[in-house]
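Chemist: 3D, please:
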Amino acid sequence: MKRNHGMTVLESLMATLIAVLLLSMGVPTMQDFLRNRRMDAWLDGLHTLLNHARQQAVIHQNTVVVCASNSGDHCDAGVEWNRGVLVFLDLNRDRQLQPGERVLQFWHMDDTGLQVHTSRGRKTLRFLPNGTSPGSNARISLCDTRGPSRARALVLANTGRVRRERADRGTQIRCQ
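Modeler: Numbering: from 1, shown residues only. The predicted structure follows:
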């Protein structure tokens, strides 16, 4: 009596078909997972940066400005924060980096494919020496190719408190 060791062609094809089917279901899920982690990492970094800016305003008893900056030597005019964020002590309170004003932090970002922008009326964010942020509440939105349904945001209240929002938890976040 001979014993066969191995698989038939039919068994091999069935195993391959099942593997391909499982991979095709898992790859999109993995891509979403990685996109979510990238957005969360960016959001964590920006949240930390804003809290640090607020803390520095209180410590130095002076106004601290947070703004979009590609180069780290001036604030950009737009609401797009995709390339970098500048934090500096604004000694003369003009919301622009001048000679003699200290850069506290410059966070340069590579092209991540994320759209990051602030509210139209709040191109620069300020923290006063008491830790508050004057003006209307500001929102910094993060979007990727999946659109507003998967967006994230940070909201800066006038009190200086920063909180997070997620579109997939019922909040509407604009991506433009």
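Chemist: Contact partners for His74?
Modeler: Shown in contact with His74 (CB atoms under 8 Å, 6 or more residues apart in numbering): Leu86, Gln96, Leu97. Glycine gets a C-beta too; all of them are placed from N, C-alpha and C.
Chemist: would CSV of those residues with neighbour count, pLDDT and distance to Glu165 be doable?
Modeler: What follows is the contacts of His74, written out as CSV (neighbours: other CB atoms under 10 Å; pLDDT from 0 to 100; distance: CB to CB, whole Å):
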residue, neighbour count, pLDDT, distance to Glu165
Leu86, 24, 94, 24
Gln96, 14, 92, 29
Leu97, 20, 93, 29
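Chemist: Mind listing what's buried along stretch 153-168?
Modeler: Ala153, Leu154, Val155, Leu156, Gly160, Val162, Glu165, Arg166, Ala167 (16 or more other CB atoms under 10 Å).
Chemist: for it, what is the average pLDDT?
Modeler: Per-region confidence: stretch 153-168 scores 90 on mean pLDDT.
Chemist: What lies in contact with that stretch?
Modeler: The list of residues contacting stretch 153-168 from outside it, by CB under 8 Å, 6+ apart, reads 43, 46-47, 50-51, 54, 122, 125, 127, 131-142, 148-152, 171, 173.
Chemist: Among the contacts of His74, which are located in strands?
Modeler: Using DSSP state E to define strands, the subset of the contacts of His74 located there is Leu86.
Chemist: Mark which of the contacts of stretch 153-168 are part of helices, please.
Modeler: Counting by DSSP state H, the part of these found in helices is Leu43, Leu46, His47, Leu50, Asn51, Arg54.
Chemist: Which of the buried residues of stretch 153-168 sits closest to Asn36?
Modeler: Of all the buried residues of stretch 153-168, Arg166 has the smallest distance to Asn36: 9.7 Å, by CB to CB.
Chemist: Apply the buried test to the contacts of stretch 153-168 and list what passes.
Modeler: Here the buried ones among these, as counted with 16+ other CB under 10 Å, turn out to be 43, 46, 50, 54, 122, 125, 127, 132-133, 138-142, 150-152, 173.
Chemist: Strands of this structure, start to end?
Modeler: Read by DSSP E, the chain holds these strands, from start to end of the chain: 64-68, 84-89, 103-108, 115-118, 124-127, 138-143, 152-156, 162-166.
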